[in-house]
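[1] give the three-dimensional model of this entry:
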Amino acid sequence: MSERSILASCLKSGRAYGSIEKAISLEDFTAQGRVIWSCIQEYRNTDPGAGACDPEIISRSVARKVSNPKHQATFDRIIADLYEADVSPANVVADYIAVKLEYVGDKLAVALTNNDQAEVRKLLEEYQDWMNCSALDLGKEEAKVYEGFDLEELVRTSHAADELIKVFPKALNDRLDGGCLRGHHIVVFARPEMGKTAMLLTMVYGFLQQGLKVLYCGNEDPMEDILLRVACRLTGRTKHEVVANPREAMAICKEKGYDNLVLAPLSPGTPREIEQLAIQYKPDVIMVDQLRNLQMKEDNFTQQLEKAARAVRGIAQRQHALAISVTQAGDSASNKRILAMNDVDSSNTGIPAQADVMIGIGANAEDEACNRRVLSLPKNKRSGLRDHFTVHIDPQISRMRS
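    Okay, here's the model as predicted:
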């Protein structure tokens, strides 16, 4: 972990500083880094609740410690560079803690081998201290406080029609009051073979048509299969037609915005991996297929699902993106047209609590025979309309239409 990343994170985030301040060793820093670190400490101790440190105050604090004007100019350049650094404080701190855990763990292994009981006790306490640090909610940055906020500005910056992300098919978007906001979390749920992937790819098509960047994180189907289905959806051609003329299909895909789509295979993946991808690619939309496969540190499966849904919602809010997650419906949804919250498999309270919009995909035998599906909205914080409506599915090109 570089000195630059640590200092930049602690300058920008009070939570990052609070997570590691007591465990930082001055040996981690150069002579210049120690000066800046001491100024950060003074700033944070004066105002523990501060978000980002004021760069002018930090610069003046450094100037009081460094008398040589040439050195002051050098520090000014270093501080400016730290504020310009594109870092994720949550990930920097998490990585710093991981490095320290590995370092202390190696020393503990040596002490155990040497049967040095005093050193073992000391290192166990140190290891536990770092474990306690890693349990903090590092990704939760300081909340923005609204006081006397201008409603005209709110409408203009957040709720105007051109700020909404439209969600295909059109009949769904109409029921969402014209679309969703960044930070919202949509959960799609259905029984196997009901068209969950077709639903996602229909949404992908719509997002790309709007010029949006989409990050599709998949841990269910082989990504090669998803890639081919994406090509079918964007071109409107069947798998056999795409395979017969891939060059022409590729040209059509690019016209439809294919270059704005990032497909990332996970095996099975963690929320941290998803957030790192989001930081790297800066998508407008993050898709997670599926929640139930994510690796979570919980023994209870129901708690795993709730924790996974909460994590994805948090990522959406921190990365200022619309999140769409997929999970399974339980046996209660078999041969059922209109799905409810309690049809979500193994988490009919936890997952719904972490969703702004829930979309259930249902069908009976007659619907399936006619390639029909019924989309239900058991939760809809966008418009409050808890409705259901019929769509048609074309499995050959992974398309759903109103």
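
[2] what's the residue closest to the geometric middle of the chain?
    residue 315 (3.0 Å; C-alpha atoms, centre = their mean).

[3] what strand or helix carries the closest residue to that one other than its chain neighbours?
    Of all residues not flanking residue 315 in the chain, residue 275 sits nearest, at 4.9 Å (C-beta to C-beta, 6 or more residues apart in numbering). In this view, the C-beta of every residue, glycine as well, is placed from N, C-alpha and C. Assigned by DSSP states H and E, residue 275 belongs to helix 271-281.

[4] touching that helix from outside, list them.
    By C-beta atoms under 8 Å, 6 or more residues apart in numbering, the surrounding residues in contact with helix 271-281 are 88, 90-91, 94, 139, 213, 215, 217, 262, 264, 266, 286, 288, 294, 296, 308, 311-312, 314-315, 318-319, 321.

[5] and those residues, which of them are in strands?
    With strands taken from DSSP state E, the overlap with these comprises 215, 217, 262, 264, 286, 288.

[6] most neighbours among those residues, which one?
    residue 288 (31 neighbours; other C-beta atoms under 10 Å).

[7] show me what contacts it?
    217, 274, 294, 312, 323, 324, 325, 326.

[8] okay, those in TSV with pLDDT and distance to residue 203 next?
    Below are the contacts of residue 288 laid out as TSV (pLDDT from 0 to 100; distance: C-beta to C-beta, whole Å):
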residue	pLDDT	distance to residue 203
217	97	14
274	92	17
294	94	20
312	95	15
323	98	12
324	98	7
325	98	12
326	97	11
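
[9] show me the two of the residues you listed that sit farthest apart.
    Across the contacts of residue 288, the longest distance by C-beta to C-beta is 14.3 Å; it joins 294 and 324.

[10] more neighbours: which of those two?
    Per other C-beta under 10 Å, whichever of residue 294 and residue 324 has more neighbours is residue 324, with 28 against 24.

[11] that one in helix, strand or coil?
    strand (DSSP: H, G, I helix; E, B strand; the rest coil).

[12] residue contacts, it?
    185, 186, 187, 188, 200, 203, 285, 286, 287, 288.

[13] neighbour-wise, which of those residues leads?
    residue 288 (31 neighbours).

[14] can you report phi and psi for residue 400?
    Dihedral pair for residue 400: phi -120, psi 140, per degrees, to the nearest 10.

[15] share the number of residues neighbouring the closest residue to it other than its chain neighbours, please.
    Residue nearest to residue 400 in three dimensions, not counting chain neighbours: residue 202, with 4.4 Å by C-beta to C-beta, 6+ apart. Neighbour count of residue 202, defined by other C-beta under 10 Å: 24.

[16] you'd agree residue 202 is in a helix?
    Yes. Using three-state DSSP, the secondary structure at residue 202 is a helix.

[17] now, the most widely separated pair of the ones in strands among the contacts of helix 271-281?
    Every pair of the ones in strands among the contacts of helix 271-281 checked by C-beta to C-beta; the farthest is 262 and 288, at 13.2 Å.

[18] shared neighbours, those two?
    The contact lists of residue 262 and residue 288 share no entry, where a contact means C-beta under 8 Å, 6+ apart.

[19] show residues contacting the longest strand seen in the chain.
    The longest strand of the chain (DSSP E) is strand 372-380. Under the criterion C-beta under 8 Å, 6+ apart, residues 171-172, 175-176, 194-195, 337-341, 352, 355-363, 366-367, 385-393, 400 lie in contact with strand 372-380.

[20] tell me how far it lies from the chain's centre.
    25 Å (C-alpha atoms, centre = their mean, to the nearest Å).

[21] run me through the strand neighbours of that strand, direction for each.
    strand 357-362 (antiparallel), strand 388-394 (antiparallel) (DSSP bridges).

[22] pull the CA atoms of that strand into PDB?
    Extracted in PDB, the C-alpha atoms of strand 372-380 (Å, rounded to 0.1, in the frame of the first residue of the first chain):
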ATOM      1  CA  ARG A 372     -46.000 -14.900 -22.300                       C
ATOM      2  CA  ARG A 373     -44.800 -13.700 -18.900                       C
ATOM      3  CA  VAL A 374     -46.500 -11.600 -16.200                       C
ATOM      4  CA  LEU A 375     -44.400  -8.900 -14.600                       C
ATOM      5  CA  SER A 376     -45.400  -8.000 -11.000                       C
ATOM      6  CA  LEU A 377     -44.400  -5.000  -8.900                       C
ATOM      7  CA  PRO A 378     -44.800  -6.100  -5.300                       C
ATOM      8  CA  LYS A 379     -42.600  -3.200  -4.300                       C
ATOM      9  CA  ASN A 380     -42.400   0.100  -6.200                       C
END
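
[23] buried residues of it, list them for me.
    373, 374, 375, 376, 377, 378, 379, 380 (16 or more other C-beta atoms under 10 Å).

[24] is the nearest residue to the second one once chain neighbours are set aside in a helix, a strand, or coil?
    Just to be clear, that refers to residue 374. Nearest non-adjacent residue to residue 374, counting by C-beta to C-beta, 6+ apart: residue 337, 4.4 Å away. Three-state call for residue 337 (three-state DSSP): coil.

[25] could you list the domains of this structure?
    Following automatic domain parsing, one finds the domains of the chain at 3-134, 162-401.

[26] and the longest helix anywhere in the chain, what's buried?
    Using DSSP state H to define each element, the chain has its longest helix at helix 89-113. For helix 89-113, burial by neighbour count (16+ other C-beta under 10 Å) applies to 89-97, 100-101, 104, 108, 111.

[27] also stretch 9-24?
    In stretch 9-24, residues buried by neighbour count (16+ other C-beta under 10 Å) are 9, 10, 11, 12, 13, 14, 15, 16, 17, 19, 20, 24.
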